[in-house]
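Student: Attaching a predicted model along with its sequence, questions to come.
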Amino acid sequence: MPLAHALRQFTSTSIGILQTRAELALVEAEEEALRYFTYLLLSLVAVLCLGMVLLLSVTLVVAIYWDTYRIASILALIGLFLLLAAGLGWRVVASYRRKPRLLDNTLTELRQDASILGNAVHHH
C-alpha cells in the first residue's frame, strides 16, 4: 500500500506541476501576443505620422521657396524624413531584439522541475 500511495501522490504532484507550467506558458503567450500587437500599432502610427508630416512639410517648404530654393528645400526635407524613419525603424528593431524569448520562463521552470524530480527519483 505505501508504494501505491507514493505513486498516486507522485502522479498528483506531477499533474499539478504540469498544470502550473501550462498556465505559465499561456500567460507568456498572451504577453508575447500583446507585445507584437504593440509593435505593430506603434509602427503603424509612426508611419502614419511620418507620412502626414512629410506631406505637410514638403507642401509648406515648396510653397515658401517656390521661386528660389525649391529643389534644395525638397532635398533637405527628404534627408530629414529619411533620418526620422531610420531612427524609428532602428528603435523597433532594437526593442524586438531585446524582448524575452517565447516561453523562456516556462522552459526554465520545466528544466528545474525535471532536475528536482530526477534528483528525487535517484535518492529513493
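Tutor: Good, I have the coordinates.
Student: The helix or strand bottoming out on mean pLDDT in the chain: which residues count as buried?
Tutor: Ranked by mean pLDDT, DSSP states H and E, the helix or strand of the chain with the weakest confidence is helix 104-123, at a mean of 75. Under the neighbour-count criterion of 16 or more other C-beta atoms under 10 Å, helix 104-123 has Thr106, Glu109, Leu110, Asp113 buried. Glycine gets a C-beta too; all of them are placed from N, C-alpha and C.
Student: so how far is Ile71 from Ile15?
Tutor: Distance, Ile15 to Ile71, by C-beta to C-beta, to the nearest Å: 73 Å.
Student: my bad, Leu84
Tutor: From Leu84 to Ile71 the distance is 21 Å (C-beta to C-beta).
Student: do Thr11 as well
Tutor: The value you get for Thr11 to Ile71, if C-beta to C-beta is used, is 78 Å.
Student: Over to Val93?
Tutor: 33 Å.
Student: avg pLDDT for the longest helix anywhere in the chain?
Tutor: Longest helix in the chain, counting residues (DSSP state H): helix 2-64. What helix 2-64 shows for mean pLDDT is 87.
Student: what packs against it?
Tutor: Under the contact definition 3 or more C-beta pairs under 8 Å, 6 or more residues apart in numbering; DSSP states H and E, helix 2-64 sits against helix 70-98, helix 104-123.
Student: so the shortest one versus helix 2-64, what angle?
Tutor: What separates the directions of helix 104-123 and helix 2-64 is an angle of 160 degrees, with axes from the mean of the first three to the mean of the last three C-alpha atoms, to 10 degrees.
Student: Can you spell out which helices and strands pack onto helix 104-123?
Tutor: Secondary-structure packing of helix 104-123 (3+ C-beta pairs under 8 Å, 6+ apart): helix 2-64.
Student: Could you tell me the angle between the helix it packs on and helix 70-98?
Tutor: With the same axes, to 10 degrees applied, the angle from helix 2-64 to helix 70-98 works out at 170 degrees.
Student: what's the offset of helix 2-64 from the middle of its chain?
Tutor: Centroid displacement of helix 2-64 relative to its chain, using C-alpha atoms, centre = their mean, to the nearest Å, is 6 Å.
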